[in-house]
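**Q** could you look at this predicted model? Sequence included:
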Amino acid sequence: MKATHEHEWEAAPGLPSALPPGEYVVWQGAPEWKRLAIHAFHVRKVAMYFVLMLAVQVINLTAPEGPVDWKPLWVAGSLYALALGLLLGTAWMSARSTLYTLTNKRVVMRIGIVLTLTFNLPFKRIAGASLKTQGAGTGDIALALHPEDRIGWAHLWPHQRAWHVTQPQPTLRCVPHSTQVGEQLLALWRAERSGQSLHLGDTAVSSPSTPNRSQGMLA
């Protein structure tokens, strides 16, 4: 497993070097930025909090008798709108600067807005995976690594599985057609590690010898 600093020269989009003989790109994709804003940057929850705060401020302003000074409300509303705009802009830039690649040998993640990193995750170093579907066909595909291959949580954010801090899991976030991508990952993992079984949760695909698991883990 290797991490490469960008912006270095890319041999091809999303790939820091030319692929060796026998390796080829199967799929490339990026997060859907609106879904990334909702599920990774929690824009919807932040907006609901701001609306609640504005409602409380309106109540406080209108409670006393006499003329109401609406200026504090306008100032607060403007600041809240600016904060939401910054979150949305960050989500858009994050999605735009990200490119996920599946080859027949590995998963490659090019991530980062200012400091771009490329993570190479060979299938032999992937110990598990889980698929969490969202609306509109998007979903997160989290990759569990062997303990000795730990990647720092801060290096991955926001491309990591939530609540997995001590052993972060690199995650393909808000991928369109996530079920189909998960099935491709399943097939590629099997082909690279023939004779071993794999089950990827919501895709409902598993080898005959592998029981279904609610969390959808590779094994």
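**A** Yep, that arrived. Numbering: from 1, shown residues only.
**Q** which positions in stretch 110-125 come out as buried?
**A** Buried residues in stretch 110-125, counted by 16 or more other Cβ atoms under 10 Å: 110-112, 116-121, 123. All C-beta atoms are positioned from the backbone trio N, CA, C, and that covers glycine.
**Q** tell me which of those has the lowest pLDDT.
**A** Ranked by pLDDT, those bottom out at T116, which scores 88.
**Q** quick check: domain ranges of this protein?
**A** For the chain, the structural domains run 2-9+24-31+98-206, 35-94, going by automatic domain parsing.
**Q** for the ones you listed, which one ends up most surrounded?
**A** domain 2-9+24-31+98-206 (a mean of 18; mean count of other Cβ atoms under 10 Å).
**Q** circling back to that earlier point, so of the buried residues of stretch 110-125, which ones are in strands?
**A** Among the buried residues of stretch 110-125, the members falling in strands (DSSP state E) are 110-111, 117-121.
**Q** now, which of these sits nearest L145?
**A** L121 (7.2 Å; Cβ to Cβ).
**Q** that closest one reaches V108, doesn't it?
**A** Yes: at 7.3 Å, L121 counts as touching V108 under the criterion of Cβ atoms under 8 Å.
**Q** so what's I151 closest to, chain neighbours aside?
**A** Nearest residue to I151 in three dimensions, chain neighbours excluded: P168, at 5.7 Å (Cβ to Cβ, 6 or more residues apart in numbering).
**Q** apologies, that question was intended for R35.
**A** C174 (3.9 Å).
**Q** who touches the most centrally placed residue in the chain in this structure?
**A** Residue closest to the average C-alpha location in the chain (Cα atoms, centre = their mean): R173, at 2.2 Å. Counting by Cβ atoms under 8 Å, 6 or more residues apart in numbering, R173 touches 31, 36, 39-40, 98, 140, 158-159.
**Q** kindly recompute the last result at 7 Å.
**A** 31, 36, 40, 140, 158-159 (Cβ atoms under 7 Å, 6 or more residues apart in numbering).
**Q** repeat that for I38.
**A** Residues counted as contacts of I38 (Cβ under 7 Å, 6+ apart) are R44.
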